[in-house]
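K.L.:
Sequence and predicted structure are below.
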Amino acid sequence: MESKMDGAPSRDTSSASTTSVGSLGVFEVMERPLLQRFNETKEAITAAVSELLGLLSETTSLMQTPITWVEHSPTGQTIVREDTLEEERVTAASASERANWVLEAVSRDTMKVVFIGRTSNGKSTTVNAMLHRNILPSGLGHTTNCFCRVHGTEEAEPYMQFGSDQARQKIENIKQLAHALFPEKSVESDSFVDVYWPRERCPLLYHGVEIIDSPGLDLNADFDTWIDQFCCDADVFVLVANAESSLNLTEKNFFRRVKQKISSPNVFVCFNRWDQVQDNEDETDSPASMVKEQHMVNAKSLMEDDLGYVPGTVPAPPPLEDRVFFISSREALKRRTNVSSRIFNKENAAKRLKEFARFETAFEDCISTSAMNTRFASHIGTGCELAQTMSNTLKATLQKAQARREQVENYNSIQKAQLEKIRAKRIQEELQCRQTIKSASTTVSKTISNILFNESANIVNGSVGQFRDKENSFDIKSPWAFTRNLSSHVEAKLHAALDTRCTNLIQETHDATHNDIRERITDLVPTALLPAVLTNDHPHFKARFYLNCNGLVETFSPDLRFQFSLGFPTLKQAVQTLNMQMPWDKAAGAVVKSFSEDHDVDVAELALSVLKSPVTIATIVSTCLSRSFTRKLFMYACMLYGTLYMYEWMTYTQAAQIRRLKQQFVEHTMKEMENIARHASFHCEQDLENTLSSALDTVFKRIDSIDNQLLSGIREIQNDLTNLDTTTDKLSQLMTGFEEENHLFCELKERMATPHSNDESFYESQ
């Protein structure tokens with residue numbers, strides 16, 4: 001709760017140049033020229049920080065929009081990249097937070113002084129000694145349980161308020177409300193207890209000071225969080241350390257966090273309990289002078305290494321001896337409240353009281369005579385640092401955005417060139433590829449047909465002769481099962497022969513065609529996009545031969561009836577064969593041919609018809625039997641004919657029947673071989689053509705997809721270029737704004753370092 005200070009009446013002073021300015025709130029008493037310059041400086045810093053906040057707000061909003069650009073992957077796929085500028089956004093957000101702290105610190109009407117330190121180091125005792133009254137709870141161990149704020153008031157009697165409750169309470173209640181040893185009555189640890197103390201009892205409160213007594217550092221995580229929240233934006237920090245120990249990381253880490261918000265915080269270091277060091281040095285091996293020297297080294301390290309107090313900078317840091325003190329707050333409190341105590345060394349005690357008074361003098365000078373430097377110097381430095389940091393950040397971001405734009409522009413040119421190349425040659429290359437596929441398929445078809453026509457007789461005869469009916473499926477009345485097994489065996493042998501003779505040839509043809517297509521696509525598609533079109537795997541084509549020999553069974557009708565080799569049907573066939581194959585005597589042949597043509601009859605048919613006639617046979621037989629020799633010859637002939645008939649009939653076993661069936665199957669197969677060859681070559685041709693065409697279709701679909709992607713990518717790139725132009729323009733404007741802010745803060749810093757009596761023109765210009 002930020003409490004506004006009531007207007008204070010004029011204090012009596014011997015200086016005629018001072019006047020009462022109670023309504024101004026920051027200082028109740030200040031020389032008029034200094035007060036006017038103070039207000040003008042405050043207004044200039046407030047305006048500069050407000051403008052800085054506006055720039056930071058725009059920067060944070062701008063950094064939320066990513067910088068986009070495009071790249072292509074090794075596979076040729078277009079990828080949209082995003083640079084989220086998260087680091088720059090975080091930097092801007094952090095700077096904005098710090099600027100808000102600065103604006104709040106500059107705008108408040110009180111000077112915020114925080115007493116900080118580890119538990120039981122004497123923070124509350126030091127505040128009580130400065131107030132000349134034992135007000136705040138103090139003691140051994142963890143004592144202060146909440147944040148206590150001390151304000152000045154014109155009231156005659158002190159009082160206190162708790163939180164948002166405006167009811168006044170007695171000052172004595174703070175001993176229980178803020179005391180850690182009374183948890184049943186104490187307030188919440190993250191609460192504030194406001195103490196209003198009469199200014200007449202504490203001259204320091206005339207300077208509009210708000211003193212905050214905090215719980216101990218490193219007590220627990222919650223306390224550290226609340227201390228960071230409520231105390232890090234103070235105008236002045238008083239670090240109360242224990243002189244019997246040393247500064248450690250707890251105090252240093254706190255001030256490192258402070259420096260993240262305030263560039264150069266105003267810090268006093270008080271090594272409390274110095275009486276214990278001096279009074280007990282005879283009982284220890286640590287002389288007070290050496291302990292003091294060690295503390296000074298540690299304090300110097302804190303000031304220079306952690307807080308950045310570098311000698312020679314502008315404005316110049318205060319001397320170390322004016323910021324580091326060795327005191328005994330308890331001793332000073334007892335002396336000021338007239339409480340008697342045992343004094344071991346009066347000379348040392350007097351020096352410690354003088355040191356405490358010197359601390360109060362330096363502290364009062366910091367909040368009165370040097371008030372403007374105390375209130376504003378560190379905040380001007382913070383503003384200058386923030387403006388410079390953001391200017392550098394935006395400069396780097398602008399360079400990055402410009403580099404991205406150049407990259408996008410180059411890639412856009414590449415994309416356009418690739419699109420034009422693909423569209424110019426695509427149709428022509430696709431037609432050439434399909435002609436190559438058709439030529440390869442026709443070659444394969446002819447190869448298969450030639451092999452089947454030229455070598456099928458040997459293959460079929462050999463496979464039929466090798467066939468063994470392992471299933472004993474032969475049945476003369478129903479030979480279809482046997483015929484199917486025989487057909488499957490013949491098909492397997494034909495398939496094996498084709499596989500041996502044609503597979504490698506077909507694969508070579510396929511590979512050659514495939515490579516030819518790849519070469520054409522390689523010439524068509526840019527190298528960067530080839531991985532997205534052509535895969536690296538080498539396709540293997542498995543040739544399949546559709547012989548369909550089982551279809552022969554459906555058209556095959558075997559005749560397994562017994563046929564005597566000298567029977568009339570056999571003789572007829574023999575005569576017909578002889579007539580067709582054997583060469584006749586030219587004269588006999590001419591007569592037979594003339595007779596056949598004149599009478600339109602077949603001589604062989606005529607001869608057989610004569611033999612079939614009973615009258616003709618009886619006439620021939622009676623003629624032959626009319627003679628004794630002929631009669632005997634005829635009888636022997638009949639006996640021989642009958643013997644041959646009986647022999648053939650008896651030897652016409654199942655094996656003979658199977659041989660006849662195989663012979664008839666071979667003859668039937670050879671008649672159908674033309675259809676088989678046509679069927680097999682056609683299907684193999686179609687398989688190869690379909691396989692290659694399918695692969696080609698896939699490739700050109702990918703090319704069409706790339707065409708669409710390129711076109712879409714080019715449109716997106718144009719949008720990216722427009723967005724990048726907008727971003728770079730905005731970055732350039734913001735960078736210029738931060739540079740101007742940095743220049744303004746630097747001028748304010750110089751004015752603070754070298755004050756002039758007449759600065760109206762400077763502040764009016766700002």
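P.N.:
Good, I have the coordinates. Treat the numbers as computed from the prediction; the structure is a model and nothing was measured. Numbering: from 1, shown residues only.

K.L.:
Please tell me the pLDDT value assigned to the residue nearest to Ala362 when sequence neighbours are not counted.
P.N.:
Leaving aside its chain neighbours, Ala362 sits nearest to Asp322 (5.1 Å; criterion: CB to CB, 6 or more residues apart in numbering). Every C-beta, even on glycine, is put in place using the N, C-alpha and C of the backbone. At Asp322, the pLDDT value in this model is 87.

K.L.:
what number of residues lie near Asp322?
P.N.:
Asp322 has 15 neighbouring residues, counting by other CB atoms under 10 Å.

K.L.:
Let me know the distance separating it from Phe268.
P.N.:
As judged by CB to CB, to the nearest Å, Asp322 and Phe268 stand 9 Å apart.

K.L.:
Same question for Cys202.
P.N.:
Cys202 is 17 Å from Phe268, by CB to CB.

K.L.:
Same check on Leu52?
P.N.:
For Leu52 relative to Phe268 (CB to CB), the value is 29 Å.

K.L.:
out of these two, which sits in the more crowded spot?
P.N.:
Leu52 (27 against 20).

K.L.:
name the element that one belongs to?
P.N.:
Assigned by DSSP states H and E, Leu52 falls within helix 32-63.

K.L.:
buried stuff in that helix?
P.N.:
Along helix 32-63, these residues count as buried under the neighbour rule (16 or more other CB atoms under 10 Å): 34-35, 37-42, 44-45, 48-49, 51-53, 55-56, 59-60, 62-63.

K.L.:
for the helix or strand containing Met290, which positions count as buried?
P.N.:
Counting by DSSP H and E, the element that carries Met290 is helix 288-301. Within helix 288-301, the residues that count as buried by 16+ other CB under 10 Å are 288, 291-292, 295-296, 298-299.

K.L.:
Tell me which other helices or strands it touches.
P.N.:
Judged by 3 or more CB pairs under 8 Å, 6 or more residues apart in numbering; DSSP states H and E, helix 288-301 is in contact with helix 274-279, strand 324-326.

K.L.:
Out of the ones you listed, name the one with the poorest average pLDDT.
P.N.:
helix 274-279 (a mean of 88).

K.L.:
Check what contacts stretch 349-361 and list those residues.
P.N.:
Contact partners of stretch 349-361, identified using CB atoms under 8 Å, 6 or more residues apart in numbering, comprise 129-130, 204, 268, 270, 274-275, 278, 325-329, 331-332, 335, 343.

K.L.:
Spatially, which residue comes closest to Gln686, not counting chain neighbours?
P.N.:
Gln686 sits nearest to Ser441 (CB to CB, 6+ apart), 7.6 Å away.

K.L.:
And the one you found, what's its pLDDT?
P.N.:
At Ser441, the predicted lDDT confidence score is 83.

K.L.:
ditto for the one 10 residues further on
P.N.:
At Ile451, the model reports a pLDDT of 76.

K.L.:
and it, how many neighbours?
P.N.:
Counted with other CB under 10 Å, residues neighbouring Ile451 total 21.

K.L.:
Could I get the phi/psi values of Arg751?
P.N.:
phi -70, psi -40 (degrees, to the nearest 10).

K.L.:
and the helix holding Met290, how far from the chain's centre?
P.N.:
53 Å (CA atoms, centre = their mean, to the nearest Å).

K.L.:
Could you tell me the average pLDDT over it, please?
P.N.:
Helix 288-301 comes out at a mean pLDDT of 90.

K.L.:
Just the C-alpha atoms of it, please, in PDB.
P.N.:
Taking C-alpha atoms only, helix 288-301 is exported to PDB below (Å, rounded to 0.1, in the frame of the first residue of the first chain):
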ATOM      1  CA  ALA A 288      39.300  -5.600  14.700                       C
ATOM      2  CA  SER A 289      41.400  -3.700  12.300                       C
ATOM      3  CA  MET A 290      42.000  -6.800  10.100                       C
ATOM      4  CA  VAL A 291      38.300  -7.700  10.300                       C
ATOM      5  CA  LYS A 292      37.400  -4.200   9.200                       C
ATOM      6  CA  GLU A 293      39.800  -4.400   6.300                       C
ATOM      7  CA  GLN A 294      38.300  -7.700   5.300                       C
ATOM      8  CA  HIS A 295      34.800  -6.200   5.500                       C
ATOM      9  CA  MET A 296      35.900  -3.300   3.400                       C
ATOM     10  CA  VAL A 297      37.300  -5.600   0.700                       C
ATOM     11  CA  ASN A 298      34.000  -7.500   0.600                       C
ATOM     12  CA  ALA A 299      32.000  -4.300   0.500                       C
ATOM     13  CA  LYS A 300      34.100  -3.000  -2.300                       C
ATOM     14  CA  SER A 301      33.500  -6.300  -4.200                       C
END
